[in-house]
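Asker: let me see the structure of the following:
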Amino acid sequence: MSPGGAKAPSRRRSPAPAAASRAGRPPLAAGPVHRSRTWIAWAIVAAVLTISMLYLTRSVLTILSASAVVAWLLDRPVTALQGRGLSRELSIVVIGGALTLVLVAVLVGVLPHATRQLAELGGNIQPYIQTAATRLGPVVEQAERRFNVDLPVDFQELGRLAPTYLQKLSPDVKAWIQATLKSAASGGLSVVLSLLSFSLLPLFTFFLLRDWPHLVRSGLGLVPTRAQPVVRRLGAEIDDRLIGWVRGQLTVALVLGVVYSVGLVISGIDLAVTVGLLGGVLFLVPFIGPLVTGVLAVALCVLKFGLDWHVVVVLATFIVGQALEGSLLTPWLVGDRVGLHPLVVMVAVLVGGNVFGIIGIVVAVPLTAALAVVGIWLLGEWRQSTTFTGG
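Answerer: Residues are numbered from 1 along each chain as shown. This next block holds a predicted model:
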(Lines give C-alpha, C1' and ligand atoms only; values in the text may rest on other atoms or scores of the structure.)
Protein backbone atom coordinates (compact mmCIF):
# COMPACT_ATOMS: atom_id res chain seq x y z
CA MET A 1 0.00 0.00 0.00
CA SER A 2 1.14 3.54 -0.69
CA PRO A 3 1.33 6.07 2.16
CA GLY A 4 -1.87 7.74 0.89
CA GLY A 5 -3.77 4.51 1.01
CA ALA A 6 -3.84 4.18 -2.72
CA LYS A 7 -2.79 0.89 -4.17
CA ALA A 8 0.60 1.12 -5.81
CA PRO A 9 0.68 -0.02 -9.39
CA SER A 10 2.32 -3.37 -9.81
CA ARG A 11 5.62 -3.30 -11.65
CA ARG A 12 5.74 -6.04 -14.24
CA ARG A 13 9.09 -7.30 -15.31
CA SER A 14 9.57 -8.35 -18.89
CA PRO A 15 10.01 -12.08 -19.33
CA ALA A 16 13.51 -13.41 -19.70
CA PRO A 17 14.77 -13.86 -23.25
CA ALA A 18 15.09 -17.59 -22.78
CA ALA A 19 11.50 -17.89 -21.58
CA ALA A 20 10.29 -15.78 -24.47
CA SER A 21 12.19 -17.98 -26.82
CA ARG A 22 10.59 -21.08 -25.34
CA ALA A 23 7.08 -19.66 -25.26
CA GLY A 24 7.16 -17.73 -28.54
CA ARG A 25 8.38 -18.40 -32.04
CA PRO A 26 11.37 -20.65 -32.77
CA PRO A 27 14.72 -19.05 -33.50
CA LEU A 28 15.11 -17.46 -36.92
CA ALA A 29 17.78 -19.97 -37.97
CA ALA A 30 15.45 -22.96 -37.60
CA GLY A 31 13.60 -22.22 -40.84
CA PRO A 32 16.60 -22.27 -43.22
CA VAL A 33 18.09 -25.30 -41.44
CA HIS A 34 14.82 -27.18 -41.81
CA ARG A 35 14.61 -26.31 -45.50
CA SER A 36 18.21 -27.33 -46.13
CA ARG A 37 17.64 -30.69 -44.48
CA THR A 38 14.55 -31.20 -46.63
CA TRP A 39 16.55 -30.48 -49.79
CA ILE A 40 19.29 -32.89 -48.70
CA ALA A 41 16.73 -35.62 -48.08
CA TRP A 42 15.12 -35.11 -51.50
CA ALA A 43 18.55 -35.06 -53.14
CA ILE A 44 19.43 -38.40 -51.52
CA VAL A 45 16.11 -39.91 -52.64
CA ALA A 46 16.65 -38.64 -56.20
CA ALA A 47 20.21 -40.04 -56.27
CA VAL A 48 19.04 -43.45 -55.04
CA LEU A 49 16.23 -43.57 -57.62
CA THR A 50 18.58 -42.49 -60.42
CA ILE A 51 21.21 -45.12 -59.54
CA SER A 52 18.50 -47.79 -59.29
CA MET A 53 17.09 -46.89 -62.71
CA LEU A 54 20.56 -46.89 -64.25
CA TYR A 55 21.24 -50.33 -62.79
CA LEU A 56 17.91 -51.79 -63.91
CA THR A 57 18.29 -50.44 -67.45
CA ARG A 58 22.04 -51.04 -67.80
CA SER A 59 21.69 -53.43 -70.76
CA VAL A 60 19.62 -50.94 -72.75
CA LEU A 61 21.89 -48.06 -71.73
CA THR A 62 24.91 -50.03 -72.95
CA ILE A 63 23.36 -50.47 -76.41
CA LEU A 64 22.23 -46.84 -76.42
CA SER A 65 25.73 -45.63 -75.48
CA ALA A 66 27.29 -47.75 -78.23
CA SER A 67 24.76 -46.34 -80.70
CA ALA A 68 25.61 -42.80 -79.60
CA VAL A 69 29.32 -43.41 -80.16
CA VAL A 70 28.69 -44.81 -83.66
CA ALA A 71 26.37 -41.89 -84.45
CA TRP A 72 29.02 -39.42 -83.30
CA LEU A 73 31.64 -41.07 -85.51
CA LEU A 74 29.38 -41.10 -88.58
CA ASP A 75 27.93 -37.61 -88.16
CA ARG A 76 30.61 -35.86 -90.24
CA PRO A 77 30.46 -38.23 -93.24
CA VAL A 78 26.67 -38.05 -93.21
CA THR A 79 26.79 -34.25 -93.00
CA ALA A 80 29.25 -34.18 -95.92
CA LEU A 81 26.89 -36.25 -98.08
CA GLN A 82 24.01 -34.08 -96.97
CA GLY A 83 25.94 -31.04 -98.19
CA ARG A 84 26.07 -32.62 -101.66
CA GLY A 85 22.29 -32.50 -101.97
CA LEU A 86 21.17 -35.80 -100.42
CA SER A 87 18.67 -35.89 -97.60
CA ARG A 88 20.00 -36.79 -94.18
CA GLU A 89 18.05 -40.06 -94.12
CA LEU A 90 19.39 -41.11 -97.54
CA SER A 91 22.93 -40.13 -96.49
CA ILE A 92 22.63 -42.36 -93.43
CA VAL A 93 21.42 -45.27 -95.58
CA VAL A 94 24.33 -44.83 -98.02
CA ILE A 95 26.98 -44.69 -95.28
CA GLY A 96 25.41 -47.57 -93.36
CA GLY A 97 25.13 -49.71 -96.48
CA ALA A 98 28.78 -49.11 -97.39
CA LEU A 99 29.94 -50.05 -93.90
CA THR A 100 27.77 -53.17 -93.92
CA LEU A 101 29.25 -54.30 -97.24
CA VAL A 102 32.79 -53.78 -95.93
CA LEU A 103 32.01 -55.74 -92.76
CA VAL A 104 30.43 -58.61 -94.69
CA ALA A 105 33.38 -58.71 -97.11
CA VAL A 106 35.86 -58.89 -94.23
CA LEU A 107 33.91 -61.65 -92.49
CA VAL A 108 33.46 -63.66 -95.67
CA GLY A 109 37.11 -63.22 -96.61
CA VAL A 110 38.73 -63.77 -93.20
CA LEU A 111 36.45 -66.08 -91.21
CA PRO A 112 36.55 -69.14 -93.53
CA HIS A 113 40.31 -68.73 -93.93
CA ALA A 114 40.81 -68.52 -90.16
CA THR A 115 38.57 -71.55 -89.60
CA ARG A 116 40.49 -73.61 -92.15
CA GLN A 117 43.84 -72.63 -90.67
CA LEU A 118 42.69 -73.45 -87.15
CA ALA A 119 41.62 -76.89 -88.35
CA GLU A 120 45.01 -77.43 -90.00
CA LEU A 121 46.78 -76.25 -86.85
CA GLY A 122 44.70 -78.67 -84.78
CA GLY A 123 45.75 -81.55 -87.01
CA ASN A 124 49.43 -80.59 -86.85
CA ILE A 125 49.64 -79.60 -83.20
CA GLN A 126 50.96 -82.95 -81.96
CA PRO A 127 53.93 -83.01 -84.38
CA TYR A 128 54.60 -79.35 -83.59
CA ILE A 129 54.73 -79.99 -79.86
CA GLN A 130 56.96 -83.03 -80.35
CA THR A 131 59.31 -80.92 -82.45
CA ALA A 132 59.31 -78.20 -79.79
CA ALA A 133 60.01 -80.77 -77.07
CA THR A 134 62.93 -82.20 -79.05
CA ARG A 135 64.47 -78.79 -79.81
CA LEU A 136 63.58 -76.83 -76.70
CA GLY A 137 63.63 -79.59 -74.08
CA PRO A 138 67.44 -79.57 -73.72
CA VAL A 139 67.44 -75.76 -73.57
CA VAL A 140 64.86 -75.79 -70.76
CA GLU A 141 66.76 -78.45 -68.81
CA GLN A 142 70.04 -76.55 -69.17
CA ALA A 143 68.38 -73.34 -67.96
CA GLU A 144 66.91 -75.16 -64.94
CA ARG A 145 70.31 -76.58 -63.99
CA ARG A 146 72.17 -73.33 -64.51
CA PHE A 147 69.79 -71.03 -62.65
CA ASN A 148 68.54 -73.63 -60.17
CA VAL A 149 64.88 -73.00 -60.97
CA ASP A 150 61.97 -75.18 -61.98
CA LEU A 151 60.47 -73.82 -65.21
CA PRO A 152 56.75 -74.66 -65.62
CA VAL A 153 57.16 -76.20 -69.09
CA ASP A 154 55.51 -79.60 -69.60
CA PHE A 155 55.39 -80.50 -73.29
CA GLN A 156 53.44 -83.70 -72.68
CA GLU A 157 50.68 -81.85 -70.83
CA LEU A 158 50.69 -79.17 -73.52
CA GLY A 159 50.30 -81.80 -76.22
CA ARG A 160 47.35 -83.30 -74.36
CA LEU A 161 45.49 -80.02 -73.76
CA ALA A 162 46.29 -78.08 -76.94
CA PRO A 163 43.80 -79.89 -79.27
CA THR A 164 40.98 -79.19 -76.83
CA TYR A 165 41.82 -75.48 -76.66
CA LEU A 166 42.08 -75.23 -80.44
CA GLN A 167 38.71 -76.93 -80.85
CA LYS A 168 37.19 -74.34 -78.54
CA LEU A 169 38.79 -71.52 -80.52
CA SER A 170 37.63 -72.84 -83.89
CA PRO A 171 34.38 -71.05 -84.77
CA ASP A 172 31.45 -73.30 -85.60
CA VAL A 173 28.68 -71.02 -86.85
CA LYS A 174 26.04 -73.73 -87.01
CA ALA A 175 26.77 -74.91 -83.47
CA TRP A 176 26.79 -71.30 -82.24
CA ILE A 177 23.37 -70.61 -83.78
CA GLN A 178 21.94 -73.80 -82.29
CA ALA A 179 23.36 -72.99 -78.84
CA THR A 180 22.00 -69.44 -79.03
CA LEU A 181 18.51 -70.61 -79.98
CA LYS A 182 18.56 -73.23 -77.23
CA SER A 183 19.67 -70.66 -74.68
CA ALA A 184 16.94 -68.26 -75.83
CA ALA A 185 14.33 -71.01 -75.52
CA SER A 186 15.42 -72.09 -72.02
CA GLY A 187 16.63 -68.76 -70.66
CA GLY A 188 13.28 -67.06 -70.72
CA LEU A 189 12.45 -63.44 -71.28
CA SER A 190 15.81 -61.99 -70.19
CA VAL A 191 17.77 -63.73 -72.96
CA VAL A 192 15.19 -62.73 -75.57
CA LEU A 193 15.30 -59.12 -74.41
CA SER A 194 19.11 -59.11 -74.55
CA LEU A 195 19.09 -60.41 -78.12
CA LEU A 196 16.39 -57.90 -79.03
CA SER A 197 18.40 -55.03 -77.52
CA PHE A 198 21.49 -56.02 -79.49
CA SER A 199 19.49 -56.32 -82.71
CA LEU A 200 18.15 -52.79 -82.15
CA LEU A 201 21.65 -51.29 -82.29
CA PRO A 202 21.36 -50.28 -85.99
CA LEU A 203 17.90 -48.82 -85.39
CA PHE A 204 19.07 -46.78 -82.40
CA THR A 205 22.04 -45.58 -84.41
CA PHE A 206 19.81 -44.51 -87.31
CA PHE A 207 17.48 -42.41 -85.18
CA LEU A 208 20.31 -40.86 -83.15
CA LEU A 209 22.23 -40.03 -86.30
CA ARG A 210 19.16 -38.57 -87.99
CA ASP A 211 18.43 -36.29 -85.03
CA TRP A 212 22.07 -35.61 -84.06
CA PRO A 213 22.13 -31.88 -84.99
CA HIS A 214 18.86 -31.35 -83.11
CA LEU A 215 20.19 -33.22 -80.06
CA VAL A 216 23.34 -31.08 -80.03
CA ARG A 217 21.30 -27.87 -80.25
CA SER A 218 18.96 -29.07 -77.50
CA GLY A 219 21.85 -29.92 -75.23
CA LEU A 220 23.44 -26.54 -75.86
CA GLY A 221 20.10 -24.89 -75.11
CA LEU A 222 20.24 -26.25 -71.55
CA VAL A 223 23.46 -24.30 -70.93
CA PRO A 224 23.13 -20.76 -69.52
CA THR A 225 23.28 -18.12 -72.24
CA ARG A 226 26.46 -16.49 -70.95
CA ALA A 227 28.30 -19.85 -70.94
CA GLN A 228 27.15 -21.05 -74.38
CA PRO A 229 30.04 -19.53 -76.39
CA VAL A 230 32.62 -21.16 -74.11
CA VAL A 231 30.83 -24.52 -74.13
CA ARG A 232 30.46 -24.37 -77.93
CA ARG A 233 34.16 -23.60 -78.39
CA LEU A 234 35.33 -26.31 -75.96
CA GLY A 235 32.95 -28.85 -77.49
CA ALA A 236 34.19 -28.11 -81.00
CA GLU A 237 37.82 -28.45 -79.89
CA ILE A 238 37.16 -31.75 -78.11
CA ASP A 239 35.22 -33.04 -81.12
CA ASP A 240 38.04 -32.12 -83.53
CA ARG A 241 40.67 -33.79 -81.36
CA LEU A 242 38.76 -37.00 -80.79
CA ILE A 243 37.50 -37.39 -84.36
CA GLY A 244 41.00 -36.85 -85.74
CA TRP A 245 42.49 -39.24 -83.23
CA VAL A 246 39.92 -42.01 -83.86
CA ARG A 247 40.25 -41.79 -87.65
CA GLY A 248 44.03 -41.77 -87.43
CA GLN A 249 44.10 -44.75 -85.07
CA LEU A 250 41.78 -46.79 -87.30
CA THR A 251 43.89 -46.01 -90.37
CA VAL A 252 47.12 -46.95 -88.57
CA ALA A 253 45.50 -50.19 -87.35
CA LEU A 254 44.48 -51.09 -90.92
CA VAL A 255 47.97 -50.41 -92.31
CA LEU A 256 49.64 -52.37 -89.50
CA GLY A 257 47.27 -55.29 -90.04
CA VAL A 258 48.35 -55.46 -93.68
CA VAL A 259 52.07 -55.13 -92.80
CA TYR A 260 51.90 -57.82 -90.12
CA SER A 261 49.93 -60.16 -92.38
CA VAL A 262 52.43 -59.86 -95.24
CA GLY A 263 55.43 -60.40 -92.94
CA LEU A 264 53.88 -63.40 -91.19
CA VAL A 265 52.86 -64.96 -94.50
CA ILE A 266 56.51 -64.67 -95.60
CA SER A 267 57.58 -66.35 -92.35
CA GLY A 268 55.31 -69.29 -93.13
CA ILE A 269 53.59 -69.65 -89.75
CA ASP A 270 50.06 -70.94 -89.39
CA LEU A 271 47.25 -68.41 -88.97
CA ALA A 272 49.51 -65.75 -90.51
CA VAL A 273 46.73 -63.54 -91.90
CA THR A 274 44.54 -64.00 -88.83
CA VAL A 275 47.33 -63.10 -86.41
CA GLY A 276 48.41 -60.18 -88.60
CA LEU A 277 44.91 -58.68 -88.71
CA LEU A 278 44.58 -59.34 -84.99
CA GLY A 279 47.77 -57.35 -84.48
CA GLY A 280 46.24 -54.43 -86.35
CA VAL A 281 43.06 -54.55 -84.27
CA LEU A 282 44.93 -54.88 -80.96
CA PHE A 283 47.00 -51.82 -81.86
CA LEU A 284 43.96 -49.89 -80.57
CA VAL A 285 44.86 -51.19 -77.09
CA PRO A 286 47.99 -49.13 -76.29
CA PHE A 287 51.20 -50.97 -75.37
CA ILE A 288 49.46 -54.29 -74.65
CA GLY A 289 48.16 -55.18 -78.12
CA PRO A 290 51.48 -55.38 -80.00
CA LEU A 291 53.07 -57.33 -77.14
CA VAL A 292 50.30 -59.94 -77.05
CA THR A 293 50.30 -60.37 -80.83
CA GLY A 294 54.09 -60.61 -81.00
CA VAL A 295 54.22 -63.31 -78.32
CA LEU A 296 51.46 -65.28 -80.07
CA ALA A 297 53.24 -65.10 -83.44
CA VAL A 298 56.58 -66.19 -81.95
CA ALA A 299 54.90 -69.10 -80.15
CA LEU A 300 53.26 -70.32 -83.37
CA CYS A 301 56.58 -69.98 -85.16
CA VAL A 302 58.48 -71.95 -82.52
CA LEU A 303 55.86 -74.70 -82.55
CA LYS A 304 56.17 -75.13 -86.30
CA PHE A 305 59.83 -74.43 -87.04
CA GLY A 306 61.64 -74.32 -83.71
CA LEU A 307 64.34 -71.71 -83.08
CA ASP A 308 65.62 -70.93 -86.56
CA TRP A 309 65.53 -68.09 -89.09
CA HIS A 310 61.71 -68.11 -89.19
CA VAL A 311 61.68 -66.61 -85.69
CA VAL A 312 63.96 -63.85 -86.95
CA VAL A 313 61.48 -63.07 -89.73
CA VAL A 314 58.60 -62.91 -87.25
CA LEU A 315 60.52 -60.61 -84.91
CA ALA A 316 61.65 -58.47 -87.83
CA THR A 317 58.02 -58.14 -88.95
CA PHE A 318 56.93 -56.68 -85.63
CA ILE A 319 60.04 -54.53 -85.29
CA VAL A 320 59.48 -53.05 -88.75
CA GLY A 321 55.79 -52.57 -87.99
CA GLN A 322 56.48 -50.74 -84.73
CA ALA A 323 59.20 -48.61 -86.32
CA LEU A 324 56.88 -47.74 -89.21
CA GLU A 325 54.10 -46.88 -86.79
CA GLY A 326 56.25 -44.74 -84.51
CA SER A 327 58.25 -42.85 -87.14
CA LEU A 328 55.81 -42.48 -90.03
CA LEU A 329 52.23 -43.67 -89.55
CA THR A 330 51.36 -42.10 -86.20
CA PRO A 331 53.12 -38.75 -86.85
CA TRP A 332 51.55 -38.50 -90.31
CA LEU A 333 48.06 -39.90 -89.77
CA VAL A 334 47.50 -39.07 -86.10
CA GLY A 335 50.05 -36.38 -85.33
CA ASP A 336 49.60 -34.56 -82.06
CA ARG A 337 45.83 -34.77 -82.20
CA VAL A 338 45.32 -35.52 -78.52
CA GLY A 339 47.98 -33.07 -77.34
CA LEU A 340 49.15 -35.33 -74.51
CA HIS A 341 52.66 -36.08 -73.31
CA PRO A 342 53.64 -39.77 -73.72
CA LEU A 343 54.05 -40.07 -69.94
CA VAL A 344 50.50 -38.79 -69.46
CA VAL A 345 49.27 -41.35 -71.99
CA MET A 346 51.00 -44.19 -70.12
CA VAL A 347 49.60 -43.08 -66.77
CA ALA A 348 46.10 -42.72 -68.24
CA VAL A 349 46.25 -46.23 -69.74
CA LEU A 350 47.43 -47.75 -66.45
CA VAL A 351 44.75 -45.97 -64.42
CA GLY A 352 42.02 -46.85 -66.93
CA GLY A 353 43.08 -50.49 -66.96
CA ASN A 354 43.14 -50.73 -63.17
CA VAL A 355 39.73 -49.11 -62.76
CA PHE A 356 37.70 -50.33 -65.77
CA GLY A 357 39.74 -53.19 -67.25
CA ILE A 358 40.12 -53.54 -71.01
CA ILE A 359 37.42 -50.93 -71.69
CA GLY A 360 39.29 -48.47 -69.50
CA ILE A 361 42.48 -49.06 -71.50
CA VAL A 362 40.67 -48.31 -74.77
CA VAL A 363 38.88 -45.12 -73.61
CA ALA A 364 41.67 -43.79 -71.36
CA VAL A 365 43.44 -41.71 -74.02
CA PRO A 366 40.38 -40.00 -75.61
CA LEU A 367 38.83 -39.32 -72.20
CA THR A 368 42.08 -37.82 -70.93
CA ALA A 369 42.33 -35.70 -74.08
CA ALA A 370 38.82 -34.32 -73.50
CA LEU A 371 39.62 -33.54 -69.88
CA ALA A 372 42.85 -31.87 -70.99
CA VAL A 373 40.91 -29.42 -73.17
CA VAL A 374 38.74 -28.42 -70.22
CA GLY A 375 41.75 -28.28 -67.92
CA ILE A 376 43.68 -25.98 -70.26
CA TRP A 377 40.71 -23.62 -70.42
CA LEU A 378 40.34 -23.62 -66.62
CA LEU A 379 44.06 -22.91 -66.25
CA GLY A 380 43.76 -19.95 -68.63
CA GLU A 381 40.79 -18.57 -66.67
CA TRP A 382 42.73 -18.95 -63.43
CA ARG A 383 45.73 -17.06 -64.79
CA GLN A 384 43.49 -14.22 -65.92
CA SER A 385 41.65 -13.95 -62.61
CA THR A 386 42.28 -11.12 -60.17
CA THR A 387 43.25 -13.65 -57.52
CA PHE A 388 46.17 -14.82 -59.64
CA THR A 389 47.22 -11.43 -61.07
CA GLY A 390 46.62 -9.52 -57.85
CA GLY A 391 44.81 -6.77 -59.75
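Asker: state the helix or strand in which residue 274 lies.
Answerer: Taking DSSP states H and E as the criterion, residue 274 maps to helix 272-282.
Asker: can you list contacts of that helix?
Answerer: Outside helix 272-282, the residues that touch it by Cβ atoms under 8 Å, 6 or more residues apart in numbering are 110, 113-114, 117, 253-265, 269, 288-290, 292-294, 296-297, 300, 318, 321. All C-beta atoms are positioned from the backbone trio N, CA, C, and that covers glycine.
Asker: filter the residues you listed down to the buried ones and hand me the PyMOL line.
Answerer: The following PyMOL line selects those of those that are buried, judged by 16 or more other Cβ atoms under 10 Å:
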select buried, resi 114+117+253+255+256+257+259+260+261+263+264+269+289+290+293+294+296+297+300+318+321
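Asker: filter the contacts of helix 272-282 down to the ones in helices?
Answerer: Counting by DSSP state H, these place 110, 113-114, 117, 253-265, 288-290, 292-294, 296-297, 300, 318, 321 in helices.
Asker: so where's the stretch 101-250 of the chain shaky on pLDDT?
Answerer: Counting by pLDDT under 70, the stretch 101-250 of the chain has low-confidence residues at 121-126, 132-133, 135-137, 140, 144, 149-195, 197.
Asker: please, where are all the strands along it?
Answerer: Taking DSSP state E, counting those that start in this stretch as the criterion, the stretch 101-250 of the chain carries no strands.
Asker: ok, how many other residues are close to residue 307?
Answerer: 14 (other Cβ atoms under 10 Å).
Asker: repeat that for residue 62.
Answerer: Close neighbours of residue 62, defined as other Cβ under 10 Å, add up to 13.
Asker: do the same with residue 206
Answerer: By the criterion of other Cβ under 10 Å, residue 206 has 17 neighbours.
Asker: ok, and the closest non-adjacent residue to it?
Answerer: residue 92 (6.0 Å; Cβ to Cβ, 6 or more residues apart in numbering).
Asker: which ones are touching the one you found?
Answerer: For residue 92, the contact set (Cβ under 8 Å, 6+ apart) comprises 74, 78, 206, 209-210.
Asker: hmm, 7 Å instead?
Answerer: 78, 206, 209-210 (Cβ atoms under 7 Å, 6 or more residues apart in numbering).
Asker: before we move on, which element is it in?
Answerer: Assessed by DSSP H and E, residue 92 sits inside helix 88-147.
Asker: residue 205 reaches residue 70, doesn't it?
Answerer: Yes. The pair residue 205 / residue 70 is scored as a contact, 4.9 Å apart, by Cβ atoms under 7 Å.
Asker: thought residue 310 was touching residue 270?
Answerer: No. Counting by Cβ under 7 Å, residue 310 sits too far from residue 270 to count as a contact (11.5 Å).
Asker: if we can go back for a sec, next, the angle helix 272-282 makes with the helix holding residue 92.
Answerer: 110 degrees (axes from the mean of the first three to the mean of the last three Cα atoms, to 10 degrees).
Asker: which one's more surrounded, residue 205 and residue 70?
Answerer: Taking residue 205 and residue 70 together and counting by other Cβ under 10 Å, residue 205 has the greater number of neighbours (22 against 19).
Asker: which residues touch that one?
Answerer: Residues near residue 205 by Cβ under 7 Å, 6+ apart: 67, 70-71.
Asker: and which of these is nearest residue 340?
Answerer: Relative to residue 340, the closest of these is residue 70; by Cβ to Cβ it sits at 24.6 Å.
Asker: all set, thanks.
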